[in-house]
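*Asks:* model the following, please.
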Amino acid sequence: MRILIINGVNLNMLGFREPEQYGTTTLKDLEKELHAYSFSLGIDIETFQSNIEGEIVERIQQAREHFDGIVLNAGAYTHTSIAIRDAITAASMPTVEVHMSNIYKREDFRHKSLIAPVCVGQISGFKNDSYKLGLKGLVNYLTNKENK
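*Replies:* Below you'll find the model as predicted:
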């Protein structure tokens, strides 16, 4: 099983940006942690980060040919990007939306996700563990889907 983890806008600033919300782990350290975790799940992962909406859309479209599912932290694009939502729908791939902070305890504009309705699930508020919970949930979803 192959899962693509996509990190969107400003996630390259992890470890420096708002540590009270996101912690002090850098993106590179988070990716190492997720690779180690993927071994315990028996899956292969690939990570991708971009601050550019169009690059995220292209990566989602390309993922269809090489991956079984996507874990996506679109960052602020979660609340604004119809293009990313449409790419998820067009790719027709199981996708889990994740956020390190609890978006429902933050500013009102963060309470609305444009991409959640086209995802199989959403996890927020557990910092790095949001990704692990998202991976585990997606693996369970794909495994149960295949067994039906």
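
*Asks:* what about the protein, any weak spots by pLDDT?
*Replies:* 146-148 (pLDDT under 70).

*Asks:* SS state for the most centrally placed residue in it?
*Replies:* Nearest to the mean C-alpha position of the chain, by C-alpha atoms, centre = their mean, lies residue 72 at 1.9 Å. Counting by DSSP: H, G, I helix; E, B strand; the rest coil, the backbone at residue 72 sits in strand.

*Asks:* that one: what's it in contact with?
*Replies:* By C-beta atoms under 8 Å, 6 or more residues apart in numbering, residue 72 lies in contact with 5, 6, 8, 60, 84, 88, 95, 96, 97, 98, 115, 119. Every residue, glycine included, has its C-beta placed from N, CA and C.

*Asks:* how far out from the middle of the chain is the helix or strand that contains the fifth one?
*Replies:* Secondary-structure assignment from DSSP states H and E places residue 84 in helix 82-91. Distance of helix 82-91 from its chain centroid, counting by C-alpha atoms, centre = their mean, to the nearest Å, is 14 Å.

*Asks:* contacts for it?
*Replies:* Here helix 82-91 has contacts from 8, 53-54, 56-57, 60-61, 63-64, 70, 72, 74, 77, 95, 114-115, 117-119, using C-beta under 8 Å, 6+ apart.

*Asks:* in helices, which of the residues you listed fall?
*Replies:* Of the contacts of helix 82-91, the ones assigned to helices by DSSP state H are 53, 54, 56, 57, 60, 61, 63.

*Asks:* now neighbour count and distance to residue 26 too, for these, in JSON lines please.
*Replies:* What follows is the ones in helices among the contacts of helix 82-91, written out as JSON lines (neighbours: other C-beta atoms under 10 Å; distance: C-beta to C-beta, whole Å):
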{"residue": "53", "neighbour count": "17", "distance to residue 26": "23"}
{"residue": "54", "neighbour count": "11", "distance to residue 26": "25"}
{"residue": "56", "neighbour count": "25", "distance to residue 26": "20"}
{"residue": "57", "neighbour count": "21", "distance to residue 26": "25"}
{"residue": "60", "neighbour count": "26", "distance to residue 26": "24"}
{"residue": "61", "neighbour count": "14", "distance to residue 26": "28"}
{"residue": "63", "neighbour count": "24", "distance to residue 26": "24"}
